[in-house]
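In: Got a predicted structure plus its sequence, pasted below:
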Amino acid sequence: MKFFASCAKGLEYLLADELSAFGAAKATATIAGVNAEGSLADAQRAVLWSRLASRVLWPLAEFDCPDEEALYNGVAAIDWPEHLSPGHTVAVDAHVSGTAITHARYAAQRVKDAVVDSMRQHGLERPSVDVEQPDLRLNLSLRKGRAVLSVDLGGGALHRRGWRQAQNEAPLKENLAAAVLMRGGWPKAYHAGGGLLDPMCGSGTLLIEGALMAADVAPGLQRHMDRVPSRWRGFDRGAWEVLVNEARGRERIGRAGLRPAFHGSDLDPRAIANARENAEVAGVAAALQLRVLDVGALASPPETSGLAVCNPPYDERLAADAALYRQLGNALRRAVPNWKASLLCGDAELAMATGLRAAKRYQLFNGAIECALIVCDPIAPPQREVPDEPRALSEGAQMVANRLRKNLQKLKKWRAREGVECFRAYDADLPEYAAAIDVYQEADGARRTFLHVQEYAAPATIPEADVRRRRNELLAAAREVFQVPAEQLALKSRERGKGGSKYGRFEQRGEFVHVREHGALLQVNLFDYLDTGLFLDHRPLRGQMAAQSRGRRFLNLFCYTGVASVEAAVAGASATTSVDLSGTYLEWCARNLALNGHAGARHQLVQADALAWLEAERAQYDVIFCDPPTFSNSARAEDFDVQREHVRLLRAAMARLAMGGVLYFSNNFRRFKLEENAIAEFARCEEISAKTIDPDFERNGRIHRAWRLTHP
């Protein structure tokens with residue numbers, strides 16, 4: 001069965017992973033929630049155990065709803081005595097969009113009327129309304145003329161854990177606090193002996209949520225106590241009791257072993273009093289060390305490792321002071337330099353004001369407020385010692401250095417004219433030094449220069465000692481020319497193994513760097529993956545598409561990290577849609593959009609097999625970018641071969657292209673052959689490969705091929 005779990009925007013991918021861990025057969029992130037597939041027991045487990053979900057909705061009916069009469073009739077057609085016992089109470093939450101029905105409260109009233117009339121027609125007692133603790137809470141979603149009526153299995157908002165008695169101004173919701181903790185690697189840090197520190201703890205939300213996570217307490221256990229969350233007749237009470245009994249057993253063990261490793265402080269004595277009261281109700285007061293203290297006087301906790309978390313003030317109700325953020329960053333660097341930090345800041349500028357270098361950045365929403373979550377690991381990286389005297393380059397390294405300088409001089413005017421900050425500086429120019437060197441200029445902060453070096457596999461006839469020597473000479477030359485320390489150079493080196501060469505293991509630094517292209521700010525990760533998140537060879541094509549997207553609808557298929565979508569949005573696209581099967585890449589795309597202030601409903605992210613989605617989609621787009629992989633054999637979709645499937649793919653894409661629109665198709669399969677006769681049946685096609693290669697890729701003009709397609 002399909003069900004839906006809603007959440008705050010920015011938590012979708014975490015929630016999808018959480019539901020999969022609970023046993024859901026499938027969990028796909030969408031805007032502000034996750035579409036899941038599983039049993040009723042899986043959904044009830046989410047009600048009890050999800051730390052991230054706002055609601056868990058089990059659908060009763062789905063129907064076309066062009067007007068209020070159709071809404072009433074669709075609800076009345078449900079056999080309500082199967083779902084609601086006589087004398088039970090009901091409440092309806094409604095969410096509507098579109099022109100048919102524009103008022104949510106009116107829609108909720110019509111649903112309630114249909115339920116009441118149906119019960120009366122069966123000769124049963126009329127149900128009354130209880131908006132606080134109804135026996136059956138219903139949820140109506142009405143979008144694009146389609147209505148879905150669901151049971152709210154949790155009976156209300158799941159972020160309410162049941163322990164909050166007192167709160168300060170602008171409190172942090174518990175499910176958002178859980179996301180801050182999870183992104184920071186809690187409770188893994190706790191089980192490794194670490195502590196949790198919040199130097200601006202307010203009413204204690206992050207500390208209490210962290211303590212309950214460490215103690216393995218189900219977040220719904222105290223919320224529901226001895227009352228089932230819903231008295232819907234379809235609710236499986238037996239399964240619920242089994243889940244609750246298991247959770248109570250885990251709770252007893254977890255609370256008994258909970259260490260006093262939670263340290264909180266705040267300048268406001270009332271905040272500390274509220275935190276103590278909440279911790280008492282939550283049953284974790286003995287584990288929390290709370291003090292009235294200014295952040296500038298922060299002391300080091302006894303634990304040598306751990307996670308620092310904080311939700312400093314940032315909205316119109318609380319002053320967002322950049323100086324306070326700087327004071328927070330300085331205090332953490334001094335008190336816990338080797339710890340990890342997960343800080344929920346008001347925006348990117350306030351995050352930068354901390355002075356901390358973020359390894360990862362996420363966009364989250366605290367209600368309607370868009371926030372920036374930064375994760376720093378460690379808080380204060382050790383400074384690398386620089387040798388007093390640089391070593392002289394060998395003859396081979398000097399030869400590479402000379403070629404690098406020659407290439408930089410050749411590209412200098414073009415880079416200045418086009419504003420290019422990320423580019424290819426070397427591509428096996430000297431055959432015995434077979435590698436590509438790409439340069440990434442940091443767009444903010446210290447404006448550091450990073451080098452991404454991809455070593456091509458050497459022939460088997462070359463001795464391993466020569467391979468290593470040439471590699472070291474190449475790296476020495478690159479560092480000399482660009483004056484970069486070793487930690488700013490990423491090497492992707494092929495190693496020989498059974499079955500041929502393969503790439504060796506990558507680092508797991510989790511470090512994202514901001515770079516800029518065509519006015520867009522982008523995240524790249526140079527160390528953890530084979531690719532960085534930015535295909536440099538597509539730079540000209542992205543610029544061309546962005547220029548054509550102003551005021552138009554842009555579709556990005558196989559979108560990867562969504563760079564083309566971001567640049568189209570920055571150039572003024574009226575809407576963008578980005579499709580990819582990978583949740584990791586879509587999350588990366590979401591961060592890229594957020595960095596440029598283009599999050600929201602106009603910029604949709606779709607986790608799906610691009611070809612299957614295309615053939616089911618009905619919307620029209622003005623500019624389409626289709627850059628498929630050569631081959632894919634994902635477990636979540638049918639095998640894809642670009643040579644075999646490209647005609648079917650392009651036919652489906654052209655069906656979505658608006659009249660007067662343009663489709664750009666590219667791939668990097670060296671032996672690819674376009675079936676021109678088949679494509680001529682539905683599109684006018686022109687190869688534009690040569691026009692999409694910038695000067696830094698002239699040595700490798702076959703790095704990709706590209707075509708421009710329009711309606712005949």
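Out: Perfect, I can see it now.

In: helix, strand or coil for the residue lying closest to Glu686 once chain neighbours are set aside?
Out: Excluding the flanking residues, the one nearest Glu686 by CB to CB, 6 or more residues apart in numbering is Arg708, at 4.9 Å. For every residue, glycine as well, the C-beta is placed using N, CA and C. Under DSSP: H, G, I helix; E, B strand; the rest coil, Arg708 falls in the strand class.

In: Which pLDDT value belongs to Arg708?
Out: What the model reports for Arg708 is a pLDDT of 98.

In: shouldn't it be in contact with Cys685?
Out: Yes - if you go by CB atoms under 8 Å, Arg708 and Cys685 touch, sitting 7.4 Å apart.

In: now stretch 577-591, how far from the centre of its chain.
Out: How far stretch 577-591 lies from its chain's middle: 7 Å, per CA atoms, centre = their mean, to the nearest Å.

In: residues making contact with it?
Out: By CB atoms under 8 Å, 6 or more residues apart in numbering, the surrounding residues in contact with stretch 577-591 are 10, 13, 16, 28-29, 361-363, 523, 533, 553-562, 565-566, 599, 603-610, 613, 619, 621, 632, 634, 636-637.

In: Now do the end-to-end distance for it.
Out: Using CA to CA, to the nearest Å, the end-to-end distance of stretch 577-591 comes to 15 Å.

In: Just the buried residues of that stretch, please?
Out: Within stretch 577-591, the residues scored as buried using 16 or more other CB atoms under 10 Å are 577-583, 585-591.

In: Quick one: residues contacting Arg126.
Out: Val116, Met119, Arg120.

In: Helix, strand, or coil at the closest residue to the first one other than its chain neighbours?
Out: Leaving out its chain neighbours, the residue that sits closest to Val116 by CB to CB, 6+ apart is Arg126, at 5.5 Å. The local conformation at Arg126, judged by three-state DSSP, is coil.

In: For Gly155, see how far away Arg126 is.
Out: 21 Å (CB to CB, to the nearest Å).

In: Gly195 now?
Out: On the measure of CB to CB, Gly195 and Gly155 end up 35 Å apart.

In: Please apply the same query to Lys360.
Out: To Gly155, Lys360 is 35 Å away according to CB to CB.

In: Neighbour count: these two, which is higher?
Out: Gly155 (24 against 18; other CB atoms under 10 Å).

In: hang on, isn't that one packed against Pro229?
Out: Yes - Gly155 is in contact with Pro229 according to CB under 8 Å; the separation is 4.4 Å.

In: my guess is Leu663 is in a strand, correct?
Out: Yes - per three-state DSSP, Leu663 lies within a strand segment.

In: Run a quick neighbour tally on it.
Out: Per other CB under 10 Å, the neighbour tally for Leu663 reads 23.

In: thinking again about what came up before, mind checking how far the residue nearest to Glu686 is from Glu687?
Out: From Arg708 to Glu687 the distance is 8 Å (CB to CB).

In: Please identify which of the two sits among more neighbours.
Out: Arg708 (18 against 14).

In: any low-confidence regions in the stretch 551-700 of the chain?
Out: For the stretch 551-700 of the chain, applying pLDDT under 70 flags the ranges 634-637.

In: can you pull out the strands in it?
Out: Applying DSSP state E, counting those that start in this stretch to the stretch 551-700 of the chain gives strands spanning 553-557, 575-580, 603-607, 621-626, 631-632, 640-641, 657-667, 684-687.

In: Start from the N-terminal end of the stretch 101-250 of the chain and give the helices.
Out: 104-121, 174-183, 188-191, 205-214, 221-224, 237-256 (DSSP state H, counting those that start in this stretch).

In: Could you list the buried residues of the first one?
Out: Applying a neighbour-count criterion of 16+ other CB under 10 Å, one finds Ala104, Ala107, Ala108, Arg110, Val111, Lys112, Ala114, Val115, Val116, Ser118, Met119 buried in helix 104-121.

In: cool, the last one as well?
Out: Across helix 237-256, burial judged by 16+ other CB under 10 Å covers Trp240, Leu243, Val244, Ala247, Glu251, Gly254, Arg255.

In: Which elements pack onto that helix?
Out: On a contact count with 3 or more CB pairs under 8 Å, 6 or more residues apart in numbering; DSSP states H and E, helix 237-256 meets helix 40-49, helix 221-224.

In: how near is the nearest residue to Tyr560 once chain neighbours are set aside to Asn667?
Out: Excluding the flanking residues, the one nearest Tyr560 by CB to CB, 6+ apart is Tyr585, at 5.5 Å. As judged by CB to CB, Tyr585 and Asn667 stand 17 Å apart.

In: again, but for Ala211
Out: Distance, Ala211 to Asn667, using CB to CB: 52 Å.

In: Which one's more surrounded, these two?
Out: Legend: neighbour count by other CB under 10 Å for Ala211 and Asn667, higher for Ala211 (29 against 20).

In: so the more buried one makes contact with His263?
Out: No - between Ala211 and His263 there is no contact under CB under 8 Å: 11.2 Å.

In: what do those two both touch?
Out: With contacts taken as CB under 8 Å, 6+ apart, Ala211 and His263 have Leu196, Leu288 as neighbours in common.

In: so where's this structure uncertain?
Out: Short version for the chain, where the test is pLDDT under 70: 168-170, 315-320, 383-391, 494-509, 634-637.

In: care to break it down by domain?
Out: Per automatic domain parsing, the domain ranges recorded for the chain read 2-152, 174-215+258-376, 395-503, 535-710.

In: Quick one: closest of those domains to Gly234.
Out: For the domains of the chain, proximity to Gly234 was assessed by CB to CB; domain 2-152 is nearest, at 6.3 Å.

In: Tell me the gap between that closest one and the middle of its chain.
Out: Remark: domain 2-152 is offset 26 Å from the chain centroid, using CA atoms, centre = their mean.

In: Okay, the residue in the chain sticking out farthest from the centre and Pro86: tell me how far apart.
Out: Distance from the C-alpha centroid of the chain peaks at Gly123, with 50.8 Å (CA atoms, centre = their mean). Taking CB to CB as the measure, Gly123 falls 10 Å from Pro86.

In: how about the strands in the stretch 301-450 of the chain?
Out: Here the stretch 301-450 of the chain has its strands, by DSSP E, counting those that start in this stretch, at 306-310, 340-345, 360-366, 369-376, 422-427, 435-441, 449-455.

In: which strands and helices sit next to the shortest one?
Out: In this structure, strand 306-310 packs against helix 174-183, helix 188-191, strand 195-198, helix 205-214, strand 340-345, with contacts taken as 3+ CB pairs under 8 Å, 6+ apart.

In: so what strands line up beside that strand?
Out: Paired strands of strand 306-310, with direction, are strand 195-198 (parallel), strand 340-345 (parallel) (DSSP bridges).

In: Over to the longest one?
Out: Taking DSSP bridges as the criterion, strand 369-376 pairs within the sheet with strand 340-345 (antiparallel), strand 360-366 (antiparallel).
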